[in-house]
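**Q** Got a predicted structure here, sequence first:
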Amino acid sequence: MSASRLLGGGRTHGRTLRLFVAATRTYVRSVVELGQSSLVLESGNLARLADGSAFVQMGNLSILGTAMRRRMEAFYSRRKPLLVDYRERSVAVGKIPITQKRRELGFSDVELKTSSIVQRALTPLMNQENQFDVQVLLTLLSSDRNLDVETSCINAASLALGVAGTIQEPVGAVCIANIGDRLVVNPSIDERSVADAELVYAGCRTGATLVQFRGRELSTSELNDMLYEASSHVIKIVKAQADIISNFDQQAPTDDLSYEEIFELGVKIKPSIKVIPTKELLHTVRMVAAPQLSQILQDSESSARGRLEGMLRLERETGRVLMGNSEYVSRELITRSLNKIVVGEIHDNIRASGRRCDGRKPLEARASSYECQILPEVHGSTLAELGETQVLCSCAVGRLDLSMMRGGYIRGEYLQSLFVTWERPASAIATVTNSSFYYGKLEVDRAELIHSSISPVMDQEYSYTVRLHCDVLSSDGNGVMAAVAPGVLAMLSAGVALKRRVSGTSVCAVKRTSTEFEAEGEEEEGEEPMLILDPTLIEEENCCYILNLAGTEKGITMISLDLLTGKPPPIDVIEDMVDVAYTSVRQELETINEVEIVPRKPVDEEVKLEVEIPEGSRSKIIALRGSSISNIEEQFDCQINISSRGRVILYGKSEDQLQEASETMLNLVAQGRA
């Protein structure tokens, strides 16, 4: 049977079927010197059938990145047109998985967090005119236990997207560590563990697309030095990527089949629906929606729920008007157009009146309150109210044997004793979803921000396992950083040893996008972004970029910057956002320090003993798992943890007791008993 008959029963209407032909590949290699290490960028040698491929090496670390775009236009929601998947293989370090089937299973938290970081760094610079979904696959081919993979993954993904022609300009990434007032570029994992601060910076020629900072209470001046140092190295990486990309011919998306063409060929599939607003559509949406939108944003007496319901009504009414006049306007397109209009309206209303939608000034934070020990059976609990945002944090403390060995083959094992989870059900933002309690990339990423904010002030000698759970009961913006202060208070209520109290806040910037300027015939040059402290939900979802910051009275512990739309912010704008946020944090700490806490009775103190096992006997130690270990634990009233690499840690009430248990275990190994 012919291909034409398979596609449409012979009804081709005289149209010739065009097949995608990949561009001719040439091998290009570039080396960038970064401090004491060299970053090798290659393309054109591996994965030649992909739209774009990149091979990145640093030391023994090797990452393969491939980029593919869908061959047909997307007709569903494309709020996240870039999908990133990062996978680690135990074979990258010459190991065999210890799972029953001896292969890797689902995504680990490390893989989810790395995928999320890469996606956040690159999504803002994806070509908005591209109607095709893009997928980036990152695979760890060879591991270097002295180097982390985050920045190499961003560089590999950016180069692959650049070769594929689906990104506006290359993005480079680098890690900077502050070790004893000395800045180290791309530090080793051991150096990062002892560093006073570390910064993951991703950006292009004009500014930053992602900033991830965690430190042991660093000052703003030290942070600024790290930002400028990182920016100078990123520019070199971006230039090297641009030189490589210039050697490849990008395949134009118009050469692929669109939905209209496939529909004419007889395939039963949905017609193409554009999702990028045009100037004419933006003008029409503004004419229809502007009066009601201004009323919603200027009514300071309205509640958060009232504003959300008003926005939903506005979206429905605007859609009803526009979809009644044209069959080519989708609801997704209307939503995107409204988002662009809202950014400009927020900007204009604040410029005109000096007030925001809830009546506050641009740099005014909401009043906050904290109530501790509201859950009697929980070790520690705190309810925080920040305007109409409510966060309930609960803390449980257990024995240290409940800690987990993390890292595994790839990153080196370490003992994690603080576990943070963050959840925001759909009811918190007055919506309904198919599954309200789904824990995915977003939740893992938000929990990591809270963990990075609090962990620098934890006492390293605290020998207990801590679980902190943050429930966002209602969210009118700032739902992540609003959980930092109550989380700290809940941990203190549970008896956790902390050096100082921590608080967090968010700062976002609103600025009319380039599309709006073009629609109005204005110029974007010279337009400064407007900073908004402690944003509401509407402001948070319709800003250009947002910065989350946490810190103590002594210094900053965490910073996270995300670019949502528009051009990347330069470093001087980031400095202004940091100053505004940290000033607010120090003011909020005055309120938090006044909260009185009566700690619960601490858990019985226990002793830890780590046993050094010769490399030749580690397999025998692993084989002891089961009844033999259970008998030893029962006999000596202790807990024994054995990792997949044969590392043994014993927990008990006395050191003599643990010494006897370890001797018994080693005797079993010597006798060869399992």
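**A** Thanks, I have it. Residues are numbered from 1 along each chain as shown.
**Q** Endpoints of stretch 161-170, how far apart?
**A** Using C-alpha to C-alpha, to the nearest Å, the end-to-end distance of stretch 161-170 comes to 8 Å.
**Q** roughly how far apart are S116 and L449?
**A** Using C-beta to C-beta, to the nearest Å, S116 is found at 11 Å from L449. (Each C-beta comes from the backbone N, C-alpha and C, glycine too.)
**Q** got it, and P529?
**A** Distance of P529 to L449, computed by C-beta to C-beta: 22 Å.
**Q** which residues sit in contact with N339?
**A** Contact analysis of N339 by C-beta atoms under 8 Å, 6 or more residues apart in numbering lists E541, N542.
**Q** Over to E198: give its phi and psi.
**A** When quoted as degrees, to the nearest 10, the phi and psi of E198 stand at phi -140, psi 140.
**Q** what about it, how many residues close to it?
**A** Neighbour count of E198, defined by other C-beta atoms under 10 Å: 22.
**Q** same deal with S455?
**A** For S455, the count of nearby residues is 18 (other C-beta under 10 Å).
**Q** any idea how far it lies from A195?
**A** Distance of S455 to A195, computed by C-beta to C-beta: 13 Å.
**Q** for V507, same thing?
**A** Distance, V507 to A195, by C-beta to C-beta: 25 Å.
**Q** okay, these two: which has more neighbours?
**A** Under the criterion of other C-beta under 10 Å, the comparison of V507 against A195 puts V507 first, with 27 against 22.
**Q** element containing the more buried one?
**A** V507 belongs to strand 503-510 when assigned by DSSP states H and E.
**Q** in that strand, what's buried?
**A** Buried residues in strand 503-510, counted by 16 or more other C-beta atoms under 10 Å: S503, G504, T505, S506, V507, C508, A509, V510.
**Q** Does the fourth one touch Y545 like I think?
**A** This points to S506. No: between S506 and Y545 there is no contact under C-beta atoms under 8 Å: 11.0 Å.
**Q** quick one: low-confidence parts of the stretch 201-350 of the chain?
**A** In the predicted model of the stretch 201-350 of the chain, residues 250-277, 323-332 satisfy pLDDT under 70.
**Q** just the strands in it please.
**A** Assigned by DSSP state E, counting those that start in this stretch, the stretch 201-350 of the chain shows strands spanning 208-218.
**Q** what about the helices in it?
**A** 220-245, 259-264, 279-298, 304-325, 331-353 (DSSP state H, counting those that start in this stretch).
**Q** Just put those in TSV and tack on distance to N631.
**A** TSV is the format used below for the helices of the stretch 201-350 of the chain (distance: least, C-beta to C-beta, whole Å):
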stretch	distance to N631
helix 220-245	53
helix 259-264	66
helix 279-298	68
helix 304-325	58
helix 331-353	62
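**Q** Quick one, which of these gets closest to A482.
**A** helix 304-325 (13.4 Å; C-beta to C-beta).
**Q** neighbouring contacts of the helix or strand hosting E660?
**A** Per DSSP H and E, E660 falls inside helix 655-671. Here helix 655-671 makes contact (C-beta under 8 Å, 6+ apart) with 607, 609, 611, 617, 620-621, 624, 628-629, 632-633, 635-638, 640, 648, 650-652.
**Q** Tell me how far T151 lies from D656.
**A** 47 Å.
**Q** who has more neighbours, these two?
**A** T151 (29 against 10).
**Q** care to break the protein down by domain?
**A** 28-248, 273-353, 368-592, 607-671 (automatic domain parsing).
**Q** how far off helix 331-353 does the strand holding V507 point, in degrees?
**A** Relative orientation of strand 503-510 and helix 331-353, computed by axes from the mean of the first three to the mean of the last three C-alpha atoms, to 10 degrees: 100 degrees.
**Q** list the helices and strands strand 503-510 packs on?
**A** Secondary-structure packing of strand 503-510 (3 or more C-beta pairs under 8 Å, 6 or more residues apart in numbering; DSSP states H and E): helix 331-353, helix 484-493, strand 530-533, helix 537-541, strand 545-551, helix 571-592.
**Q** run the last query once more with 7 Å
**A** helix 331-353, helix 484-493, strand 530-533, strand 545-551, helix 571-592 (3 or more C-beta pairs under 7 Å, 6 or more residues apart in numbering; DSSP states H and E).
**Q** what would the ones you listed look like in TSV with distance to M665?
**A** Below are these laid out as TSV (distance: least, C-beta to C-beta, whole Å):
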stretch	distance to M665
helix 331-353	61
helix 484-493	34
strand 530-533	57
strand 545-551	42
helix 571-592	46
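**Q** And the closest residue to S188 other than its chain neighbours, its phi and psi?
**A** Leaving aside its sequence neighbours, S188 sits nearest to N146 (C-beta to C-beta, 6 or more residues apart in numbering; 4.0 Å). Backbone torsions of N146, given as degrees, to the nearest 10, read phi -90, psi -10.
**Q** so what's Y545 up against?
**A** C508, A509, L561, D562, L563, L564, P569 (C-beta atoms under 7 Å, 6 or more residues apart in numbering).
**Q** Of those - the most surrounded one?
**A** Result: C508 is most packed of the contacts of Y545 (other C-beta under 10 Å), 28 neighbours.
**Q** Next, the nearest residue to that residue once chain neighbours are set aside: secondary structure please.
**A** Leaving aside its sequence neighbours, C508 sits nearest to C543 (C-beta to C-beta, 6+ apart; 3.7 Å). Following DSSP: H, G, I helix; E, B strand; the rest coil, the label given to C543 is coil.
**Q** State the distance from C543 to M665.
**A** Here the criterion is C-beta to C-beta. By it, C543 lies 57 Å from M665.
**Q** between those two, which one's more packed in?
**A** In this view C543 and M665 are compared by other C-beta under 10 Å, and C543 has more residues nearby, 27 against 22.
**Q** give the contact list for the more buried one.
**A** C508, A509, V510, P535, L564.
**Q** Next, give me the two most distant ones among the residues you listed.
**A** Farthest pair in the contacts of C543 (C-beta to C-beta) is P535 and L564. Separation: 11.7 Å.
**Q** what ranges of the stretch 351-500 of the chain fall below the confidence cut-off?
**A** Applying pLDDT under 70 to the stretch 351-500 of the chain flags the ranges 400-415, 433-439.
**Q** which one among the contacts of C543 gets closest to E423?
**A** Closest to E423 out of the contacts of C543 is P535 (20.6 Å), distances taken as C-beta to C-beta.
**Q** could you list every residue that touches that closest one?
**A** Listed by C-beta under 7 Å, 6+ apart, the contact set of P535 reads G477, N478, S506, C508, C543.
**Q** mind redoing it with 6 Å?
**A** Residues near P535 by C-beta atoms under 6 Å, 6 or more residues apart in numbering: G477, S506, C508.
**Q** re earlier: relative to E364, which of the contacts of C543 is nearest.
**A** P535 (11.5 Å).
**Q** Look up phi and psi at the closest one.
**A** Torsion angles, degrees, to the nearest 10, at P535: phi -70, psi 150.
**Q** Quick check: it vs C543, distance?
**A** P535 sits 7 Å away from C543, going by C-beta to C-beta.
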